[in-house]
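Student: what would the 3D arrangement of this be:
(chains A and B)
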Amino acid sequence: MTNPPDADVTIDSRGATCPGPLMDLIGRVKTLDPGTTVALRTSERNSTTDVPAWLEKAGHDLVEIDEGDDEWTIYLEVT
Amino acid sequence: MYRIAIVGGGTGGTVLANRLAEELGPELAAGEVEVRLITADPEHVYKPTFLYVPFGKKTVDDAARPIDELLDRRVTLDIAEVTDVDTDGHALTFADRSRLRYDHLVLATGASLDPDAVPGLAEGGHHFYGPAGAETLRDELADFTEGHLVLSVAGVPHMCPAAPVEFTLMVDDWLRERGRRDDVDLTYTYPINRAHGLESIAEWATDLFDARDIDVETFFNVESVDPDAGIVESMEGTELDYDLLVAIPPHAGSDLVIDAGLGDDGWVDVDRHTLEAEHADDVSAIGDVADVPTSKAGSVAHYEAGVVADRLASRARGETPTAVYDGKTVCFLEAGMDEATFIEFAYGEEPYVREPSRPLHWAKLGYNESYWLTARGLL
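Tutor: Predicted coordinates for the structure are as follows:
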């Protein structure tokens, strides 16, 4: 088991329903510099598909998705 | 005396005040309870009216009535601006620095438009989310005979999530009726990977857009607008040339909420069922300012107001409140200029979208007319 990556910024969107976590992420990424690593915490399973799809469309890097108990942490790097 | 203070004179605040007056009539008559509504605007505005203004079907005057004509006489009305909420001291401060103490506070301050959050949007875009914008768009549309019309949802959450889809379908129909549609390209953009936040609405709208030759750009988060060049650019790197840009501006909550520590982003953090604030005692929130996982829509404010009225009436009588909000949301959706559909859902439910019909369109127009009875708490 590997340790989760360190994140410069953590966005806690647990409890928000789709597309809340994605919109939380998009709103925050607007303010971040390239190279910033972000951890998005979500309890919405759909985030594990719609967030990677947006990252690909917007050109940011998906680093890793950690699955916990009824929640996920999506790590990414702003490019 | 049990003092209930309501801040905001929109649908939520007005329905709540009237419901409380009805439910607590004996207690109000006995001087045991006070219901006070505080609003900076003496006019009550029914915002869905603005959707029809660009098409010449309504005027902005149709959207407003003096709030004192809508309120039960047992409600005390203050036309004043609240500048501070002191949740520890259970008090409000007004612009003239006077203070008002409360036993229970309900915030119903709504949402506001924030077009300046996107560079160039205020100069380059039009909208139908307020009286001035709707009238300007009406004039622009009247003169728009050819080119590219882009309807862009520049931010979520926003008021009335169905309205952008409705406007797009209505403008398509409106242009067809005038024989201009062949000379106009229509594009609809949305921030996520489908045409609407609710999957069933997204599927329904996408099918209609396909059938009516309306282009759809998803994952389109507006980053900037260049009014001189007529270009709207997304964070995702997509550029669209436009001749007429109709944009749903980003929305903002309330600085009052942030300053009071009730929600970091301007929306009040509440329990989704009791609508009571998570960061303060004896504070509730209803309508657009309450952060609950459903639409920022008038029907939500209406149903939430009913629940909070029941809960506060119980409290005023020394009983334990039991009423809860289940997320009930009801929306009519125009599918053109003379047909509409209707959806109803609650927390965690996906709405079923009925086949659009003329009777539902007339039902929507009928509801709009009877709205003033809703505001009075009669419907």
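
Student: dump stretch A:42-60 to CSV, restricted to CA.
Tutor: C-alpha atoms of stretch A:42-60 as CSV (Å, rounded to 0.1, in the frame of the first residue of the first chain):
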residue,chain,number,x,y,z
THR,A,42,-16.2,13.5,-2.2
SER,A,43,-18.9,11.1,-1.0
GLU,A,44,-20.5,11.1,-4.5
ARG,A,45,-19.6,8.1,-6.5
ASN,A,46,-20.3,9.9,-9.8
SER,A,47,-17.4,12.2,-9.0
THR,A,48,-15.0,9.3,-9.8
THR,A,49,-16.1,9.4,-13.4
ASP,A,50,-17.1,13.0,-14.1
VAL,A,51,-14.0,14.6,-12.4
PRO,A,52,-11.5,12.6,-14.4
ALA,A,53,-13.5,13.3,-17.6
TRP,A,54,-13.3,17.1,-16.8
LEU,A,55,-9.6,16.9,-16.0
GLU,A,56,-8.9,15.3,-19.4
LYS,A,57,-11.1,17.9,-21.2
ALA,A,58,-9.4,20.8,-19.4
GLY,A,59,-5.9,19.4,-19.6
HIS,A,60,-5.1,18.8,-16.0
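
Student: in which helix or strand would I find residue B:186?
Tutor: For residue B:186, the host element (DSSP states H and E) is strand B:184-189.

Student: just checking, what packs against that strand?
Tutor: In terms of contacts (3 or more C-beta pairs under 8 Å, 6 or more residues apart in numbering or on different chains; DSSP states H and E), strand B:184-189 is packed against strand B:147-153, helix B:163-177, strand B:214-217. The way it works is simple: take the backbone N, C-alpha and C, and place the C-beta from them, glycine included.

Student: okay, those in JSON lines with mean neighbour count next?
Tutor: Converted to JSON lines, these look like this (neighbours: other C-beta atoms under 10 Å in any protein chain shown):
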{"stretch": "strand B:147-153", "mean neighbour count": "22"}
{"stretch": "helix B:163-177", "mean neighbour count": "22"}
{"stretch": "strand B:214-217", "mean neighbour count": "18"}
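
Student: quick one on the thing from earlier: to the chain's geometric centre, what's the distance from the strand holding residue B:186?
Tutor: 24 Å (C-alpha atoms, centre = their mean, to the nearest Å).

Student: end-to-end on stretch B:86-95?
Tutor: 14 Å (C-alpha to C-alpha, to the nearest Å).

Student: just give me how far it sits from the chain centre.
Tutor: Centre-to-centre, stretch B:86-95 and its host chain are 26 Å apart (C-alpha atoms, centre = their mean).

Student: now do stretch A:40-49
Tutor: Stretch A:40-49 has its C-alpha centroid displaced from the chain centroid by 8 Å (C-alpha atoms, centre = their mean).

Student: got a pLDDT number for the residue nearest the centre of chain B?
Tutor: Central residue of chain B (C-alpha atoms, centre = their mean): residue B:159, 3.5 Å from the mean position. What the model reports as pLDDT for residue B:159 is 95.

Student: can you pull the contacts of it?
Tutor: Taking C-beta atoms under 8 Å, 6 or more residues apart in numbering or on different chains, we find residue B:159 in contact with B:47, B:111, B:129, B:251, B:288, B:296, B:297.

Student: quick check: which ranges of chain A have low pLDDT?
Tutor: The model of chain A has pLDDT under 70 over residues A:1-4.

Student: please apply the same query to chain B.
Tutor: Low-confidence segments of chain B (pLDDT under 70): none present.

Student: which residues in it form helices?
Tutor: Listed in chain order, the helices of chain B (DSSP state H) span B:11-23, B:25-29, B:67-70, B:121-124, B:131-142, B:163-177, B:199-211, B:255-259, B:298-316, B:358-375.

Student: of these, which is nearest residue B:230?
Tutor: Of all these, helix B:121-124 sits nearest to residue B:230, with 7.6 Å by C-beta to C-beta.

Student: can you give me the neighbour number for residue B:210?
Tutor: Number of residues near residue B:210 (other C-beta atoms under 10 Å in any protein chain shown) recorded here: 11.

Student: same check, this time on residue B:135
Tutor: For residue B:135, the count of nearby residues is 16 (other C-beta under 10 Å).

Student: roughly how far does it sit from residue B:113?
Tutor: Distance of residue B:135 to residue B:113, given as C-beta to C-beta, to the nearest Å: 15 Å.

Student: how about residue B:298?
Tutor: 17 Å.

Student: compare those two (neighbour count), which wins?
Tutor: More neighbours surround residue B:298 than the other of residue B:298 and residue B:113, with 26 against 19 (other C-beta under 10 Å).

Student: wait, that one touches residue B:44, no?
Tutor: No: counting by C-beta atoms under 8 Å, residue B:298 does not reach residue B:44; the two are 11.8 Å apart.

Student: tell me where chain A has helices.
Tutor: Going by DSSP H, chain A shows helices at A:20-29, A:47-58.

Student: in JSON lines, list the ones you listed along with mean neighbour count and distance to chain B.
Tutor: Rendered in JSON lines, the data for these read as follows (neighbours: other C-beta atoms under 10 Å in any protein chain shown; distance: least, C-beta to the nearest C-beta, whole Å):
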{"stretch": "helix A:20-29", "mean neighbour count": "21", "distance to chain B": "5"}
{"stretch": "helix A:47-58", "mean neighbour count": "19", "distance to chain B": "5"}
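
Student: would you mind telling me which of those is nearest residue B:265?
Tutor: Set against residue B:265 and scored by C-beta to C-beta, the helices of chain A come closest in helix A:20-29, at 9.0 Å.

Student: for that closest one, name the packing helices and strands.
Tutor: Short answer (3+ C-beta pairs under 8 Å, 6+ apart): helix A:20-29 packs on strand A:9-12, strand A:37-42, helix A:47-58.

Student: mind running it again at 10 Å?
Tutor: Other helices and strands packing on helix A:20-29, by 3 or more C-beta pairs under 10 Å, 6 or more residues apart in numbering or on different chains; DSSP states H and E, are strand A:9-12, strand A:37-42, helix A:47-58, strand A:72-77.

Student: what's whatever residue of the stretch 251-379 of chain B ends up closest to chain A in contact with, if anything?
Tutor: Proximity of the stretch 251-379 of chain B to chain A (C-beta to the nearest C-beta) peaks at residue B:293, 4.4 Å away. Neighbour list for residue B:293: A:15, A:16, A:17, A:18, A:20, A:44, B:272, B:327, B:347, B:348 [criterion: C-beta atoms under 10 Å, 6 or more residues apart in numbering or on different chains].

Student: hmm, 8 Å instead?
Tutor: With contacts defined as C-beta under 8 Å, 6+ apart, residue B:293 is in contact with A:16, A:17, A:20, B:272, B:327, B:347.
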